[in-house]
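1. Predicted model follows, preceded by the sequence.
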Amino acid sequence: MIEKNYTIPINEEFDKYDSCPVCRLHEKFERQSLEYIMGAAMMEPDVRIETNESGFCARHYRDMLSMRNRLSLALILETHLREIEKLFEEVSGGSKKQAQAAAHKLAGMADDCFLCRRIESTLEKYCSNIVYLWKAEPEFREKLLRQPKFCFAHAAALLKSGLEHLSSKQFASFAADIGSVAGKDLRVRSDEVSRFCKSFDYRYSGEDLGEAKQACEHAVEWLTGSTDT
Ligand SMILES: [Zn+2]
Ligand SMILES: [Zn+2]
């Protein structure tokens, strides 16, 4: 059974017909999550226990460092570091078994990020809701087909969700729709990269590259859905 709690924000973004709509849903939720973790979550002991144990990835620490609420970040770090300290004490001073368990936990912590996990699970729900809308509403299907772009990361996430939630016949048609939208940008990006590569050949030197000057940036942006480039 697909949860259908996100159909309103999804329709809002799909009505804009500007770039990848799932990127915007993703960015919006990421911003909200950052604000939440630096604000209201400070008062929620359950969340604090979780962030003490998971910590954050480099990218999200950087985001938190660039936000204004330094005390929130310091308080999050204070208890997270204390948690790590406790585990290091077990690694060096505990029994063999304790040391191993603590080392495992530390390795897991180093790879974990509270925000990445939260965002990934919400993105899965966005995708399954998009699949649901595509299946249930012919108007939404039209809307999806008229999107100017799906980045690779989100086209792949949508296909994965389609595999999980559609019959094989439905999936064939859904995949064709996703492919037709994602394919438009893929061709442009790949032509740009070829023109960029060719420009290093002396026979083509002096040719004006125009937009293709940024071919690598554009390709990475399309592949990752990231606007950080
Ligand atoms: Zn995207
Ligand atoms: Zn992260």
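-> Thanks, I have it. Ligands and ions are numbered 1, 2, ... in the order given.
2. rest of the way, CA atoms for contacts and neighbours
-> Noted.
3. Name the residues of the helix or strand of the chain with the lowest mean pLDDT that are buried.
-> When the helices and strands of the chain are compared on mean pLDDT, DSSP states H and E, helix 45-54 comes out lowest with a mean of 90. Along helix 45-54, these residues count as buried under the neighbour rule (16 or more other Cα atoms under 10 Å): 48, 51-54.
4. okay, the residue located most distally from the centre of the chain: pLDDT?
-> Using Cα atoms, centre = their mean, the residue of the chain lying farthest from its centre is Arg203. It sits 41.0 Å away. pLDDT, Arg203: 83.
5. just to revisit the earlier point, Arg31: which of the buried residues of helix 45-54 is nearest?
-> Taking Cα to Cα as the measure, Arg31 sits nearest to Thr51 out of those, at 17.2 Å.
6. How much space separates that closest one from Arg203?
-> 57 Å (Cα to Cα, to the nearest Å).
7. hang on, the earlier thing: say whether ligand 2 is contacted by the least confident helix or strand of the chain.
-> No. Helix 45-54 lies apart from ligand 2 when judged by Cα under 5 Å from the ion; the minimum separation is 10.2 Å.
8. distance between the following helix or strand past that helix and the chain's centre?
-> Where DSSP states H and E defines the elements, the next helix or strand beyond helix 45-54 is helix 58-65. A distance of 15 Å separates the centroid of the chain from that of helix 58-65, by Cα atoms, centre = their mean, to the nearest Å.
9. Also stretch 52-65?
-> That offset, for stretch 52-65, works out to 15 Å (Cα atoms, centre = their mean).
10. contacting residues around it?
-> When contacts are defined by Cα atoms under 8 Å, 6 or more residues apart in numbering, stretch 52-65 is touched by residues 34, 38, 73, 76-77, 79-81, 83, 109-116.
11. Ends of that stretch, what's the gap?
-> End-to-end distance (Cα to Cα), stretch 52-65: 17 Å.
12. Tell me which residues of it come out buried.
-> 52-57, 60-61, 64.
13. Kindly list the longest helix within the chain.
-> In the chain, taking DSSP state H as the definition, the longest helix is helix 168-198.
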